[in-house]
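S.K.: need a 3D model of the sequence below.
(one chain, ligands or ions: 3)
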Amino acid sequence: MKILKFGGTSVGSAARMKALLKLIVNDDPKIVVLSAMSGTTNSLVEVASLLRQKKQREAAAAIVRLEETYAAVVAELYAQPEYAKEASSRLKSHFDLLRSFSVEAFSIKEERVVLSQGELMSTMLQHLYLCEQQAPSVLLPALSFMRKDQHDEPDMYFIREMLSRELAQHPGCKLFITQGYVCRSFAGEVDNLKRGGSDYSASIIGAAIGAEEVQIWTDIDGFHNNDPRVVSKTHSISHLSFDEASELAYFGAKILHPTCVIPVQEAKIPLWIKNTMEPAAFGTLISAETEPGVIKAVAAKDNITAIKIKSGRMLLAYGFIRQIFEVFEDYKTPIDMITTSEVAVSLTVDDTSNLDKIVDKLKHFGTVEVDSEMTIICVVGNKISESKGVAAKIFSALAHIPVRMISFGGSRYNVSFLVDSAYKKPAMEALNEALF
Ligand code: ADP
Ligand code: ASP
Ligand code: MG
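M.R.: Ligands and ions are numbered 1, 2, ... in the order given. Modelled structure (predicted):
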């Protein structure tokens, strides 16, 4: 069994949904994981935000705008009126649900239901299209098998059990369609795997059923050596190791969800990145092996906050860093980068939801400085921190950029540093010139 995940642009129009058939209707048994049509999740985020701000009228207008785009898709997608009618009536229940939320009782629980509608609609439309084209397929409801545990991690035991039960109900079926991104919380409520989470869904499903491979189909010809949205001359990389891809995804390469590599790496399942617009192109193969060469790629993670704690008490003291880390642990806030000196600790976080409380507690230990709008830039490659001359190459390329923190040697695969976000583009361009 193979898992094929198609992102927002790959199902972003009636034409793209029709084109998908060439890639998914064949004799290979597969589970197809779909994202919401491109733009939909952003629109749903907007609807939820308006409802949260108690702007019922503006939310209703945003819902109408989204509903109109879907009406146009239906008009183009189906040739037979009965299918168009069926799709319209099913869409109407999704939009009626969106309209049913009132600003008085709109909490995170309702917000998550709003956000889940995109994947529920795209899979419904694609499945009906397959029916119209007489291509046998089964729509698997992700909400019946995809669940998180009490630590907000995928509950692999539950997922494996429920998914195999679902699959066993359809012996002989070769084509399953399911929703990416959506899941249930430990408490059983509708939840999601965070933005870009359909990649993660595909990888979790692949690991749960021991798939032969997982393919991420997107709008670019594979993993590039630098962020093509920031730097102009970038190229696709044919092979990456799991460790390299994992570091790049975690440190901001938008092409993959930050934790999507973990399940397939643990299960030793190859992960492909393929281009929907150019299916014959090789793309990128992510596996336990890597291609020769040291430096593979550069990625950047924005919206980073740096926190520096300065204290004379740190001098020659043990247990000091533990106490600082405990503050972050108490607020379930992951730390990305750390550097220490004799009298200070600097670290970075990207989740600032409890920043004020964290800073208040840290003030017990010394003076605290906070810098927001920072970017972590990360250079990834095979044994990069052990290779001669690599550090010199990286830092001479950055001679004109003020660097706030450096992390070297923490991982064999990555060298990262922190800059003010204003320096992100020049730093990434300089690295592109010097390293590739
Ligand atoms: P999808 O909707 O298919 O999930 P995404 O927009 O999430 O697609 O991811 C694909 C996009 O990621 C590309 O169009 C590209 O702009 C961006 N991207 C960022 N970093 C990289 C990289 N290193 N290699 C390739 N694409 C990247
Ligand atoms: N639709 C979700 C998002 O836009 C999940 C995904 O596309 O992977 O974030
Ligand atoms: Mg994505």
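S.K.: all contacts plus neighbour counts: C-alpha atoms, from now on.
M.R.: Noted.
S.K.: surely residue 214 and residue 274 touch.
M.R.: No - the criterion here is C-alpha atoms under 8 Å, and residue 214 misses it with residue 274 at 10.5 Å.
S.K.: number of nearby residues for residue 250?
M.R.: 20 (other C-alpha atoms under 10 Å).
S.K.: got it, and residue 289?
M.R.: Neighbours of residue 289 (other C-alpha under 10 Å): 13.
S.K.: over to the one 10 residues further on?
M.R.: A total of 24 residues lie near residue 299 under the criterion other C-alpha under 10 Å.
S.K.: so who does it touch?
M.R.: Contact partners of residue 299, counting by C-alpha atoms under 8 Å, 6 or more residues apart in numbering, are 226, 227, 248, 251, 252, 253, 377, 378, 379.
S.K.: quick one, what contacts the most centrally placed residue in the chain?
M.R.: Among the residues of the chain, the one closest to the centroid is residue 257, at 2.3 Å (C-alpha atoms, centre = their mean). Residues near residue 257 by C-alpha under 8 Å, 6+ apart: 195, 196, 197, 198, 199, 200, 249, 250.
S.K.: could you identify the most distant pair in the residues you listed?
M.R.: Farthest pair in the contacts of residue 257 (C-alpha to C-alpha) is 198 and 250. Separation: 15.4 Å.
S.K.: so what's the residue count around residue 66?
M.R.: Close neighbours of residue 66, defined as other C-alpha under 10 Å, add up to 16.
S.K.: just say helix, strand or coil for it.
M.R.: Under DSSP: H, G, I helix; E, B strand; the rest coil, residue 66 falls in the helix class.
S.K.: what separation is there between it and residue 286?
M.R.: 36 Å (C-alpha to C-alpha, to the nearest Å).
S.K.: for residue 68, same thing?
M.R.: Between residue 68 and residue 286 the computed distance is 39 Å (C-alpha to C-alpha).
S.K.: who has more neighbours out of the two?
M.R.: residue 286 (27 against 11).
S.K.: state the phi and psi torsions of the more buried one.
M.R.: Backbone torsions for residue 286, taken as degrees, to the nearest 10, come to phi -110, psi 120.
S.K.: what do you get for residue 284?
M.R.: The phi/psi pair for residue 284 (degrees, to the nearest 10) is phi -130, psi 130.
S.K.: that one reaches residue 222, doesn't it?
M.R.: Yes - counting by C-alpha under 8 Å, residue 222 is a contact partner of residue 284 at 4.9 Å.
S.K.: find residues that contact each of the two.
M.R.: Shared contacts of residue 284 and residue 222, counting by C-alpha under 8 Å, 6+ apart, come down to 236, 237, 238, 273, 274.
S.K.: of those, which is the nearest to ligand 2?
M.R.: For these, the residue nearest ligand 2 by C-alpha to the nearest ligand atom is residue 273; the value is 13.9 Å.
S.K.: and the strand or helix carrying the closest one, what does it pack against?
M.R.: Element membership for residue 273 (DSSP states H and E) is strand 271-275. Judged by 3 or more C-alpha pairs under 8 Å, 6 or more residues apart in numbering; DSSP states H and E, strand 271-275 is in contact with strand 213-218, strand 284-287.
S.K.: right, and those - which one's nearest ligand 2?
M.R.: strand 213-218 (10.2 Å).
S.K.: next SSE downstream of the single longest helix found in the chain?
M.R.: Ranked by residue count and defined by DSSP state H, the top helix of the chain is helix 108-132. The C-terminal neighbour of helix 108-132 among helices and strands, as given by DSSP H and E, is strand 138-140.
S.K.: how about the helix or strand following that following strand: buried residues?
M.R.: Proceeding N to C from strand 138-140, the next assigned helix or strand is helix 156-168, under DSSP H and E. If you call a residue buried by 16 or more other C-alpha atoms under 10 Å, then helix 156-168 has these buried ones: 156, 158, 159, 160, 162, 163, 167.
S.K.: dump the residues you listed into JSON lines; add pLDDT as well.
M.R.: Below are the buried residues of helix 156-168 laid out as JSON lines (pLDDT from 0 to 100):
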{"residue": "156", "pLDDT": "98"}
{"residue": "158", "pLDDT": "98"}
{"residue": "159", "pLDDT": "98"}
{"residue": "160", "pLDDT": "98"}
{"residue": "162", "pLDDT": "98"}
{"residue": "163", "pLDDT": "98"}
{"residue": "167", "pLDDT": "97"}
